[in-house]
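# Quick check, what structure comes out for this input:
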Amino acid sequence: MDWIRNIVFKAFTVIGTIWFILIILNLGNKYLKSINYGKNFGKSDFQIIQEKNLSKKKLQDAGKELKEKSLIITNARKTCGILGFEPGSKKFVECELKIYKQKIDEKNFKQYKNF
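Now for the predicted structure:
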């Protein structure tokens, strides 16, 4: 009877030890996640939120700039068509490029002037 009791005791000891290790590992993972190792290590929550908002603003600004450039290209194509250039021809593309460069230079000059 003692040998059965020893086997059961050892089995429960092993199961308990495994269970304890799993609990410790799970708590350790939660703890490590809460510390947030990586690029945000040592930063306060306020700094992290501020950086995320700044990156969102940069994305919004990039989207606005892309829309502006798209509008400039569309207007350049319309202008070249009105001037009588054949769409798809080499002269049409040259006209479009000249107008695009001129508009971008104007935009950059206005930004520089306001700076």
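
# in the chain, which residue is closest to the centre?
When Cα atoms, centre = their mean is applied to the chain, the residue found nearest the centroid is Ser55 (7.5 Å).

# pLDDT score assigned to that one?
Predicted confidence (pLDDT) for Ser55: 80.

# Helix or strand: which one has it?
Here Ser55 sits within helix 45-82, counting by DSSP states H and E.

# what helices or strands is that helix leaning on?
For helix 45-82, the elements it packs on are helix 90-114, judged by 3 or more Cβ pairs under 8 Å, 6 or more residues apart in numbering; DSSP states H and E. Backbone N, C-alpha and C define where each C-beta goes, glycine included.

# Enumerate every residue touching the closest residue to Ile104 other than its chain neighbours.
Ranked by Cβ to Cβ, 6 or more residues apart in numbering and with sequence neighbours excluded, the top spatial neighbour of Ile104 is Ile72, at 7.0 Å. Neighbour list for Ile72: 100, 103-104 [criterion: Cβ atoms under 8 Å, 6 or more residues apart in numbering].

# For ChimeraX, write the selection for the buried entries among those residues.
Provided next is the ChimeraX selection string for whichever of the contacts of Ile72 are buried by 16 or more other Cβ atoms under 10 Å:
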select :100,103
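
# care to break the chain down by domain?
As given by automatic domain parsing, the domain ranges for the chain are 1-36, 55-115.

# Could you export those as TSV, including distance to Gln47?
Formatted as TSV, the domains of the chain follow (distance: least, Cβ to Cβ, whole Å):
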stretch	distance to Gln47
domain 1-36	12
domain 55-115	13
